[in-house]
Structures are given as structure tokens and as C-alpha cells.
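A.B. asks: Dropping a prediction and its sequence here:
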2 protein chains.
Amino acid sequence: MRDSELAEIRKLPLFCSMAEENFHVLTHAAYDQTFPAQVQLIEEGAVADFLHVVVEGSVELFADWQGRETTMAVVPPVSTFILAASIMDAPYLMSARTLGRTRIILLPSVNLRTMFQTDPNFAMATISELAASYRSVVRHTKNLKLRTARERLAAYLLTHATSGRRGASFTLPVEKRLLASFLGVTPESLSRLMKSLQDFGVNVDGQRITITDPSALAKIAILSPQMDGPDSNGVTTGIGLPDVNLEPKESPKYPIKTIKEAKLSLF
Amino acid sequence: MRDSELAEIRKLPLFCSMAEENFHVLTHAAYDQTFPAQVQLIEEGAVADFLHVVVEGSVELFADWQGRETTMAVVPPVSTFILAASIMDAPYLMSARTLGRTRIILLPSVNLRTMFQTDPNFAMATISELAASYRSVVRHTKNLKLRTARERLAAYLLTHATSGRRGASFTLPVEKRLLASFLGVTPESLSRLMKSLQDFGVNVDGQRITITDPSALAKIAILSPQMDGPDSNGVTTGIGLPDVNLEPKESPKYPIKTIKEAKLSLF
DNA sequence: CGAACCCTTGACAGAAATCAACTAAGGTGG
DNA sequence: CCACCTTAGTTGATTTCTGTCAAGGGTTCG
């Protein structure tokens, strides 16, 4: 594994407080792999042998049942996912696939579990990470149960148009179909909902969203700290589409092969 | 606090592995309170000063937004709730109210947080508890996103008719309105859904449910370990209606004042 | 160029919420 | 003990929301 990657991981909330020696033990047996787009990393129901760390690219967590499928979260770099399953030594509740070219670090769950015992700081960090994840899913669930589809979309757009000032503009971090699945609607419905929000100060041009009248939008979906964050406070593991840089990234870390890849690696 | 209560709490997964001395420290500053039915214990958005332990009765976790309200979980005795908020020293994401007469132990969050540092076993137990809670909410969310209302009800009835044998019968652990809210539908809808399931081997008589044809029900909602448990494996904190004794309890611990109370204290 | 995919749009069907009325049962108070 | 009130649950009529099916435009990619 490259030292530069290690340093990056070391900075994560989950690992930054643990003893250097222990970090070495943990990462010594780790794998470092790069995957192309749309590779399924994890199959729901399999046992969790590794904790995953997204270093570059991003990963979609999704679930399926009876032919239906839904997006549960998108994991941006640099962060971990499926911590809960790794700890419990339990079957995954969600599947995972890469969005765009993605580099993943794999840490054996066994090492993880023994590490709690030896490094109290790591145990503490794990607790924080899990608690944050838990709260994130609770927010997602509240969103689904208390808001209509249109309200969810409005809330999503508002929270992602940071500093809800007039004329705030941003690029959707994911394809609309994925956003639709995350919000719990079909792509067709999302399309119509977007359209219906045009009357409330939302301008849609492809992936580009411009909020021309935040106050009008706010009337549809009043934001609440208990539902709309702030939770992307650095520890954004778990559920919820992450915050992204609002302006298109000028200089991607690696050569643009396709526009699609460049777009998705925005995270 | 009564010794009998303390012993009960001590047995919980969260506390059983910690040092006796530390357990004393934790519970020394604890409050023991009994509340009547329908008392709001926690208001969404308030800061989490105490970890709560339900000793008798049960507690509903719910959330509201813009006049709407939804049930997120019902916490049975003996178990803890809102562990995540206590740890993070963060505002509650959910409100809580008693169902029936309920006895609660309150442990100061401050003690909790310092205890991680001193007792590794407690830290470990906290991790397990949180991971279990996290997985529980994920299941709930998948249920909401992947299943229709009718499928959710069918799945609920099937999982609660333990050993899905023909003629399995049980009493709903909560009022139908609460079940409806948990499943994400209105009481009216639940009523209709129940009726529509009569064609698939479900017999409804008040709170009494009898599954006359489990295989027919299973055709509507195929159960999945990744969505329907088993999660009530003793560490049932967090989200999800808990398993209950299937037969009506003959001898309640305290005198029956009203039928309503007796019914709700079934947990 | 053609195949595949994303997104959109239209027409329609189905699911679920809403509004309203009504029953039944419990609890209250005279 | 009975009249009254409150509440859970049901049922019906209706509207609203959302999914499904089908088709077409635009783009990417081999």
C-alpha cells in the first residue's frame, strides 16, 4: 500500500486517535485495490470479512428484495463503510457497488475486533463513528416517513444549495436515477417532481440546479436540524448522500477517461 | 434505587461485562422514576443528558414534522434507548413517551462518556449495542423503501407469528394505530389492509391475530433475514417493534388498574 | 452507424391519504 | 346504575400521489 494512501486513512476520525503501532498492525494485513465502475464489491447476506475504506471514487450502498432495488447511501472518499457488520461479524444488510473508478482499502474484520480490546482510543472512535451512522439512518427514515416525495426533493435541493441564498447553484453529485432511488421514488416521478418545483424557484438544466427563490422552496419543505443535518460534519459515514463541492471540480486527481467518470468522482 | 432493579439492569448486554466497581459508579448518580401512561419523556431536539433504561412498561420513540407524526420504535423492558445521542452529546433525533405505566432508570450521559475511557468491556458492549441499533434501523428503512404497505403488514404478521405454523395465533403488542404509524400508513389504511389480508389466511378479531394459512401470506411478503431479523436476539435496542410473549400474560407484575394498562405492559 | 443508456413526457392504473360518518367499548360523573 | 363523553377502530366516498407502461429525444460508446 502506498504511504500517501496510508497517511490519508490515518487522518480519518476512525483512525487518527489510535496508537501508531496499532495502526500499523491494522493496516499491515490490508489490501489496496482499484476497481472500475459498476463493480459489485459486496453482496447482501454475505459475511463481513473486511472493513472497507473508500480512498478514491465513490461507492453506492443499496438493497434489493424481490427484484426491486433501492439506494441506501453513497459513500464518498475518504471514509469507511459497513463498519457495523464488520464489528458484529454479521451478514451484510446492504450490497455495495462502485460508482466510477474506485480505490478501496480492505481491513480484515478480525484485526478490527481484536483492536478494540487493545486500543481504547480506537474503541472510542468506533463508537463515535457508529453513533454518527445510526443518527444518519434515523434521519433518512424520518425523511421517508414524514415527508412526501416532493418535500423530500425540495429538502434535498435546499440542503445542498449551501447558504440558501438567491441564485445558489450546484451540480447534482450523482445521476438523477440514483438520486431518485435514494429519495424513494421512480426516475419518472423524480423528473415530474423536478418540473413541479420549477414553480417554486428551482431551475433545472441537466445536472445543474439553480435555486432562484429559496424562500419559496422553504415553504414546501421546512428544514429541520433533526432531519436535515448538520451531520456531514466530517464523520459522514453511513447513510445519506454526502455534501459535495458545489462548483465543478477543475482538476480531477486522475486523467478523465469519460465524462461520466469525472462527474461521479466529484465526491 | 432498588437492588432488584439494579440486578436486572446489570444483566443487560450493555452492562453485564463491565467491572462491578464501574457499574456502581455509573448507577450511583442514577435516577429511578415511574411515570404514568402518555408522558413525554424526551423532546426531539433537546440535548441528551441521560441514557434511559426501561425497566417496566414500555416507551414509544416517535418523530414529528409540520404537524405529522410517526412511530419509529417501541422500546420494551428491559432495554436502553437513545444511546447514540447520549454518547455524541448531541440533540435527540426522536421524542419519547411512555405507553402505560413505565419505570425508567436515568443514567447521566457524562458518566457514560467517561466510563468508556476507563472500562474497555463497557466500550466493547456499547459498540455492540450501537451496531445492533444501526442494523435495526437499516432493516426498518429497507422495509419502507422496498415493500408496499400491504407487504410490510404481511411481513410483520408473519414474523410475529413465530413458527409460522398453520393456525398460529398471537395478540398485537400495541394498539393498531401505533402499528399503523410504525408501518408508515394511516390507521384507516391499516384497517383496510388487514381486511384485504383476510383472503390470504389472516384472521383478525380485535387485537387477536390468527394466521390460518402462512404459505398464502408468505406469497405476499417473502421474509428475508436481511430485512426481517433475526435481530431481536436479546440486544433489541433501537428501532423495530420488539418480539413479545405470544400468549396473554396471566400474572402481571403489578395490579391491573385498567385493561388498557395491562394490555400495554405486555412487553 | 447502431446499441445501450439516461432522461423526459404522456396516458393510465393502482396505492394510499383525506374527509366524513358511524360503531363499539371504556371511563366519567351524576 | 345510567347518561354522557371520549377514543379506537371501521367503513365509504373521494382526491391526491405515485408507479407502471410505452414512446421518443439525446448522448455515449463500441
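C.D. replies: Structure received.
A.B. asks: can we go C-alpha only for contacts and neighbour counts from here?
C.D. replies: Noted.
A.B. asks: remind me, longest strand of chain A?
C.D. replies: Longest strand of chain A, by residue count under DSSP state E: strand A:50-65.
A.B. asks: elements contacting that strand?
C.D. replies: For strand A:50-65, the helices and strands in contact under the criterion 3 or more CA pairs under 8 Å, 6 or more residues apart in numbering or on different chains; DSSP states H and E are helix A:3-10, strand A:68-75, strand A:79-81, helix A:83-88, strand A:95-108, helix B:120-146.
A.B. asks: Any chance of these in a markdown table with distance to residue B:43, mean pLDDT and mean neighbour count as columns?
C.D. replies: Below are those laid out as a markdown table (distance: least, CA to CA, whole Å; pLDDT from 0 to 100; neighbours: other CA atoms under 10 Å in any protein chain shown):
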| stretch | distance to residue B:43 | mean pLDDT | mean neighbour count |
| --- | --- | --- | --- |
| helix A:3-10 | 37 | 86 | 14 |
| strand A:68-75 | 27 | 97 | 22 |
| strand A:79-81 | 31 | 95 | 24 |
| helix A:83-88 | 28 | 94 | 24 |
| strand A:95-108 | 35 | 96 | 22 |
| helix B:120-146 | 20 | 95 | 24 |
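A.B. asks: Out of these, flag the one nearest DNA strand C.
C.D. replies: For the helices and strands packed on strand A:50-65, the distance to DNA strand C is smallest for helix B:120-146, at 9.3 Å, taking CA to the nearest atom of the strand.
A.B. asks: and the closest one with DNA strand C, contact?
C.D. replies: No: judged by CA under 7 Å from any atom of the strand, helix B:120-146 and DNA strand C are separated, with a smallest distance of 9.3 Å.
A.B. asks: packing partners for that helix?
C.D. replies: Partner elements for helix B:120-146 (3+ CA pairs under 8 Å, 6+ apart): strand A:50-65, strand A:68-75, helix A:83-88, helix A:109-118, helix A:120-146, helix B:109-118.
A.B. asks: Check the offset of it from the chain's centre.
C.D. replies: Averaged C-alpha coordinates place helix B:120-146 at 13 Å from its chain's average position (CA atoms, centre = their mean, to the nearest Å).
A.B. asks: That one near DNA strand D anywhere?
C.D. replies: No: Helix B:120-146 stays clear of DNA strand D (CA under 7 Å from any atom of the strand), getting no nearer than 8.5 Å.
A.B. asks: my guess is residue A:170 is in a strand, correct?
C.D. replies: Yes: assigned with DSSP: H, G, I helix; E, B strand; the rest coil, residue A:170 falls within a strand.
A.B. asks: Does it touch residue A:212 like I think?
C.D. replies: No: Residue A:170 lies out of contact with residue A:212 (CA atoms under 8 Å); the separation is 11.8 Å.
A.B. asks: show me the contacts for the residue nearest to residue A:47 when sequence neighbours are not counted.
C.D. replies: Once flanking residues are discounted, residue A:47 sits nearest to residue A:91: 4.2 Å by CA to CA, 6 or more residues apart in numbering or on different chains. By CA atoms under 8 Å, 6 or more residues apart in numbering or on different chains, residue A:91 lies in contact with A:44, A:45, A:46, A:47, A:48, A:85, B:226.
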